[in-house]
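> Sequence and computational prediction follow.
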Amino acid sequence: MLDTHITDHFTLDECKCPCCDHIRVTPGFYAHMELLEAMRQELGFPIIINSGYRCPVHNASVGGAARSWHLLFATDVRPSCVAYAGMSIETRLRAMYRVALVQEWGGIGYYNTFLHLDMRPEPARWRE
């Protein structure tokens, strides 16, 4: 298991495809991770990466869109399940969404338990 830190709170291992351990480090990869780190620092609670890069095989196996940003690099993130300052997970997820909007991510998808974040050039916003 590789735990090379990309930022203070996130490792390369968290970003790799779970089926093949590959990752695509695009020019936007580091900017993406810096924004995610800034979100983590601003909110003060742990953020978990559910999904980062997906190879085409893994993307298809999880029902990802044929042109998913995960094929380049995107993250699906959620607040840690660990209790934090009396805030529910839902409250923390909404806080993450508000920060994501201020940070002006290209793609922000709000789902029941996580956010999708990507660096697409044109803004896209959606809800589950």
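That came in fine, so what should we check first?

> contacts for stretch 40-47?
7-10, 36, 39, 77-80, 82, 84-85, 87, 92, 95-96, 99 (CB atoms under 8 Å, 6 or more residues apart in numbering). Backbone N, C-alpha and C define where each C-beta goes, glycine included.

> Strands - which of the residues you listed land there?
Among those, the ones falling in strands (DSSP state E) are V77, R78, P79.

> so who does the spatially most central residue of the chain touch?
For the chain, T75 is the residue whose C-alpha lies nearest the centre (CA atoms, centre = their mean; 2.6 Å). Contact analysis of T75 by CB under 8 Å, 6+ apart lists C15, H32, L36, I49, N50, S51, G52, H116, L117, D118.

> Kindly report the same for L36.
Per CB under 8 Å, 6+ apart, neighbours of L36: T7, F10, I47, I49, T75, V77, L117.

> what residue ranges in this protein score low on pLDDT?
Residues of the chain that meet the criterion pLDDT under 70 lie in 1-2.

> hey, where'd the strands end up in this protein?
Under DSSP E, the chain gives strands at 47-51, 74-79, 107-110, 115-118, 124-127.

> so what strands line up beside the longest one?
With DSSP bridges as the criterion, the sheet partners recorded for strand 74-79 are strand 47-51 (antiparallel), strand 115-118 (antiparallel).

> now it, how far from the centre of its chain.
When distances are taken as CA atoms, centre = their mean, to the nearest Å, strand 74-79 is centred 3 Å away from the chain's centroid.

> now the nearest residue to C55 once chain neighbours are set aside: how far from P56?
Spatial nearest neighbour of C55, chain neighbours left out: C17 (4.6 Å); criterion: CB to CB, 6 or more residues apart in numbering. Distance check for C17 against P56: by CB to CB, to the nearest Å, it reads 10 Å.
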